[in-house]
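Q: let's see this in three dimensions:
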Amino acid sequence: MKGDRLECLWKFSLKHKFLSVFILGAMASLSFPPVGFFPILFFTFPLFFMFLEQMPKSKSAFWLGWWFGWGHFIAGMYWIVFALGVDIKSFAWLVPFTLFGLPGYLALYPAVVSLITSFLPFSGVKRILIFALLWSLFEWVRGWLFTGFPWNLLGYSWSQSLSMLQSTALFGVLGLGFFTILWSLLPRIFFDKKTFRKDKVFSFLGLSLMILFWVGGNIRLHDAPKDHVENIYLRLVQPNVAQKEKWNHKNILPNFQKLLTLSSKPSDKPITHVIWPEAAISFFLESDEEARLAIASVAPKNGAVLLGAPRRTYAPQPLQLWNSFFIVSHSGAILGNYDKSHLVPFGEFVPLRSIVPSFIKKVTAGMVDFSAGEGLRSIDLEGPLPAFSPLICYEGIFPSEVVSKRDKRPEWLLNVTNDAWYGPTSGPYQHFEIIRVRAIEEGVPVVRVANTGISGVLDAYGRTEAELGLEKMGVIDAELPKSLDYLTLYAEYGDRTFFALLTTFLGLCFFL
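A: Next comes the predicted model:
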């Protein structure tokens with residue numbers, strides 16, 4: 001009888017623990033933009049870890065991690081469901097799957113980390129080190145498994161501290177994420193009366209390392225020059241076209257005219273290149289000579305208009321579609337193009353199309369799935385414009401996968417995107433900060449042109465040189481910052497620096 005009561009009490013308490021860690025996970029998402037309150041991690045993760053230490057070596061630990069992750073990803077990625085509102089009649093049935101199902105899948109990663117941690121024969125600093133190593137490793141796995149979705153990695157929680165983000169030039173956002181989880185858990189050791197003195201000393205040293213990162217980042221920024229490419233002046237066009245209006249046939253011509261009008265506005269700078277966002281026009285550019293000539297009319301002499309537009313095949317070839325990027329010269333000629341290679345599952349194509357029911361269609365307009373391009377490219381045009389790597393929409397969220405390994409290394413990244421799908425939610429703010437980290441990691445400036453915002457110019461240190469806010473129409477006229485005259489450690493070795501970091505600390509764990 002007494003044993004039955006204890007079992008009921010445990011189950012009752014377990015339900016409350018699941019609810020508690022769900023709330024803690026949701027609170028932890030406040031560390032990401034637009035809030036960016038990273039100190040919340042020093043409260044939420046120690047409490048979560050305390051609950052985890054009370055779990056038996058069983059599936060209870062797995063579910064504790066899952067509930068924490070579920071709350072974390074629901075609160076941090078709720079904005080994805082807004083994309084379905086563009087055609088809610090067709091996709092209303094997908095709302096619960098998007099709002100709760102996707103976070104449920106992503107929560108499996110912290111669930112597995114929690115399960116493994118529950119079996120560790122270590123305590124104190126060793127246990128925390130292994131947990132941080134596992135969390136970081138599974139963030140990396142999340143970035144490539146099933147095409148990958150490395151959104152809101154813990155390293156991005158430092159978006160309000162450009163000094164801390166400078167460390168990503170060494171070991172990327174994943175490496176910073178490892179230190180973030182480690183730092184956030186060390187207070188649990190430092191203020192625990194039961195831990196050994198040497199563990200407290202290690203905790204103090206670990207937290208001191210955080211101060212060292214911040215000081216080092218400040219020194220790097222203090223000594224950073226602000227140089228620009230000579231004779232290059234960019235115009236970034238943000239038309240602010242609502243997604244519901246974008247593919248309406250009545251609006252195609254007015255939207256196109258808006259782009260032309262904004263592009264031809266007078267400027268106090270000698271504009272050399274005009275840049276439009278992803279899918280800026282809703283028709284096929286290659287077969288529309290009149291449209292190309294209209295675009296050419298706003299292209300600067302000896303310059304070009306760079307824009308996103310769909311591309312297709314023509315008979316007798318089977319129909320294929322690409323989400324593409326074009327370069328149109330002052331004469332109306334297409335100087336080059338790039339096809340998006342990393343597509344959004346269910347957004348631009350339906351995975352396993354041959355076996356998926358026919359009523360399931362992609363969220364973007366049209367019945368035909370987009371095809372993937374041949375891979376990343378570096379475009380090097382004739383003239384003074386440095387070689388660049390075009391990244392269409394979320395292609396820029398993948399660390400170490402923004403630069404072609406087969407072409408000339410680009411001197412800047414161009415991210416054209418359309419975040420109009422998500423309205424004034426957290427998504428566009430998070431996307432902008434993610435792109436900022438790509439600039440620091442690779443040591444090259446990033447130019448971002450978005451349909452509804454946020455557009456801007458970021459230098460090779462992640463500093464914002466120009467910005468146009470969310471849901472604003474207008475242009476940015478800006479110079480192009482120079483890339484670093486050396487390769488950052490991360491640009492040279494990519495995620496190998498991250499794995500070297502994990503290996504080093506794993507060795508330290510055994511040394512302890």
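Q: quick check: closest non-adjacent residue to the residue most central in space within the chain.
A: Residue closest to the average C-alpha location in the chain (Cα atoms, centre = their mean): I397, at 3.4 Å. In this structure, I397 finds its nearest non-sequential neighbour in I434, 5.1 Å apart by Cβ to Cβ, 6 or more residues apart in numbering. C-betas here are computed from N, CA, C, even on glycine.
Q: and that neighbour, how far from A83?
A: Per Cβ to Cβ, to the nearest Å, I434 is found 17 Å from A83.
Q: D268 touches R235, doesn't it?
A: No: no contact is recorded between D268 and R235 when judged using Cβ atoms under 8 Å, the distance being 11.7 Å.
Q: state the number of residues packed around R406.
A: Neighbourhood size, R406 [other Cβ atoms under 10 Å]: 8.
Q: tell me the spacing between it and L376.
A: Distance from R406 to L376, counting by Cβ to Cβ: 8 Å.
Q: host element of R311?
A: Assessed by DSSP states H and E, R311 sits inside strand 304-312.
Q: starting at the chain centroid, how far to the longest strand along the chain?
A: Longest strand in the chain by number of residues, with DSSP state E as the criterion: strand 228-238. Relative to the centre of its chain, strand 228-238 is centred 24 Å away, using Cα atoms, centre = their mean, to the nearest Å.
Q: go on, stretch 166-184?
A: 15 Å.
Q: same thing with stretch 378-394?
A: On Cα atoms, centre = their mean, the centre of stretch 378-394 falls 20 Å from the chain's centre.
Q: for stretch 390-408, same thing?
A: The answer for stretch 390-408 is 12 Å, by Cα atoms, centre = their mean.
Q: now swap in stretch 208-222 and tell me
A: The chain centre lies 24 Å from the centre of stretch 208-222; the measure is Cα atoms, centre = their mean.
Q: ok, now stretch 312-329?
A: Centroid separation for stretch 312-329 versus its chain: 27 Å, with Cα atoms, centre = their mean.
Q: can you give me the strands in the stretch 301-450 of the chain?
A: 304-312, 321-329, 334-339, 388-392, 412-417, 446-450 (DSSP state E, counting those that start in this stretch).
Q: make CSV from those and add mean pLDDT and distance to S114 to it.
A: Listed next are those as CSV, based on pLDDT from 0 to 100; distance: least, Cβ to Cβ, whole Å:
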stretch, mean pLDDT, distance to S114
strand 304-312, 95, 41
strand 321-329, 94, 38
strand 334-339, 93, 40
strand 388-392, 96, 34
strand 412-417, 97, 34
strand 446-450, 98, 35
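Q: between the ones you listed, which one is nearest to F119?
A: Closest of the strands of the stretch 301-450 of the chain to F119 is strand 388-392, at 40.6 Å (criterion: Cβ to Cβ).
Q: okay, angle between the closest one and strand 412-417 too, please.
A: 20 degrees (axes from the mean of the first three to the mean of the last three Cα atoms, to 10 degrees).
Q: what residues sit buried inside stretch 333-341?
A: For stretch 333-341, the neighbour count (16 or more other Cβ atoms under 10 Å) marks 336-341 as buried.
Q: got JSON lines for the strands of the stretch 301-450 of the chain, with distance to F22 too?
A: What follows is the strands of the stretch 301-450 of the chain, written out as JSON lines (distance: least, Cβ to Cβ, whole Å):
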{"stretch": "strand 304-312", "distance to F22": "39"}
{"stretch": "strand 321-329", "distance to F22": "36"}
{"stretch": "strand 334-339", "distance to F22": "41"}
{"stretch": "strand 388-392", "distance to F22": "35"}
{"stretch": "strand 412-417", "distance to F22": "32"}
{"stretch": "strand 446-450", "distance to F22": "33"}
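Q: for the ones you listed, which one sits closest to L352?
A: strand 321-329 (18.5 Å).
Q: just want the angle from that closest one to strand 334-339.
A: 150 degrees.
Q: angle of strand 321-329 against strand 304-312?
A: Angle, strand 321-329 to strand 304-312, by the same axes, to 10 degrees: 150 degrees.
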